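# Would you be able to build a 3D model of this:
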Amino acid sequence: MAEIYTVFNTEEDVVTDINQTVSSGLWSGGIGTLQTMHTSSTQSGSSGKYYYDVYKTDPSSDSEAEIQFSMAF
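This is a model prediction of the structure:
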C-alpha cells in the first residue's frame, strides 16, 4: 500500500548548515498576485466541455498569454 506520509531520514534526506531563502511569485513573470483572470473563447472540442484554462492576460489580444491554471468541472 502506498504511504501518504514518510518521515525524513535526517542522515540521508536533510542537508544542514546551508541556508538559502528562495522566494518568487507563483504566477508567470514571478508575480505574487493574480489581479485579473481570463479564459479563452476558442477552447473547444471534448476538453472544452470539462475544464477551462485560466490566463493572466487575455489570450485573444495577447499572443504570448500563458496558462496560469486549469479549472475542471
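# next SSE after the lowest-mean-pLDDT helix or strand in the chain?
Least confident helix or strand, the chain: helix 45-48 with a mean of 60, by mean pLDDT, DSSP states H and E. Toward the C-terminus, helix 45-48 is succeeded by strand 51-55 as the next helix or strand (DSSP states H and E).
# Report the distance from that following strand to the chain centre.
Relative to its chain's centre, strand 51-55 lies at 12 Å (CA atoms, centre = their mean, to the nearest Å).
# Following element in sequence after that strand, please.
Downstream of strand 51-55, the first helix or strand assigned by DSSP H and E is strand 67-72.
# which helices and strands sit right next to that following strand?
strand 51-55 (3 or more CB pairs under 8 Å, 6 or more residues apart in numbering; DSSP states H and E). C-beta here means a position set from N, CA and C on the backbone, and glycine is covered the same way.
# by how many degrees do the strand it packs on and strand 67-72 diverge?
160 degrees (axes from the mean of the first three to the mean of the last three CA atoms, to 10 degrees).
# Quick check: which ranges of the chain have low pLDDT?
Applying pLDDT under 70 to the chain picks out residues 1, 42-48.
# distance from the centroid: which residue in it tops it?
Glu11 (31.9 Å; CA atoms, centre = their mean).
# nearest spatial neighbour of Met37, skipping sequence neighbours?
Counting by CB to CB, 6 or more residues apart in numbering, Met37 lies nearest to Val54, which is 5.1 Å off, once chain neighbours are set aside.
# contacting residues for the one you found?
Neighbouring residues of Val54 by CB atoms under 8 Å, 6 or more residues apart in numbering: Met37, His38, Thr39, Ile67, Gln68, Phe69, Ser70, Met71.
# Equivalent analysis for Ser24, please.
Contacts for Ser24 (CB under 8 Å, 6+ apart) come out as Gly30.
# swap in Met71?
Counting by CB under 8 Å, 6+ apart, Met71 makes contact with Tyr51, Tyr52, Val54.
# Quick check: bridge partners of it?
Beta-bridge partners recorded for Met71 (DSSP bridges): Tyr52.
# Could you measure from it over to Trp27?
Distance, Met71 to Trp27, using CB to CB, to the nearest Å: 15 Å.
# Repeat that for Glu64.
Counting by CB to CB, the gap from Glu64 to Trp27 is 14 Å.
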